[in-house]
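[1] Just need the structure, nothing else, for what follows:
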Amino acid sequence: MTTNRPYRGAMPHEKAVSIIRQNAGTQFDPAVVEVFLRLVQSDPAILAFKAATPPAAEGEPSVASQLRALDASLEGRKERDGQTAARS
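    Next up, the predicted model:
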């Protein structure tokens, strides 16, 4: 929520915390939200944590290329399934 995505910009931490609080019990587990909010209150620096995606090892495909391959595979499966259904 607080990092840039291709489909939306990052939101401020305060807004993300507000959304998490508002959606406790529906979108988010209320017990987890309670612990998260206590952690944020006791140490606001937690919000500055940035997870990093490690780069692919040399010779290994990147995560993006693996996702593209999976997407292509699924599209091919949909086409084959559609042709099979049409023959039935």
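[2] where's residue 10, which helix or strand?
    Assigned by DSSP states H and E, residue 10 belongs to no helix or strand.
[3] what about it, how many residues close to it?
    12 (other C-beta atoms under 10 Å). The way it works is simple: take the backbone N, C-alpha and C, and place the C-beta from them, glycine included.
[4] What of residue 29?
    By other C-beta under 10 Å, the residues close to residue 29 number 11.
[5] can you give me phi and psi for it?
    Note on residue 29: backbone dihedrals following degrees, to the nearest 10 are phi -60, psi 120.
[6] For stretch 7-17, give the mean pLDDT please.
    For stretch 7-17, mean pLDDT is 91.
[7] Same check on stretch 40-58?
    On average, stretch 40-58 scores 71.
[8] for stretch 23-34, same thing?
    Averaging pLDDT along stretch 23-34 gives 94.
[9] how long is that stretch end to end?
    12 Å (C-alpha to C-alpha, to the nearest Å).
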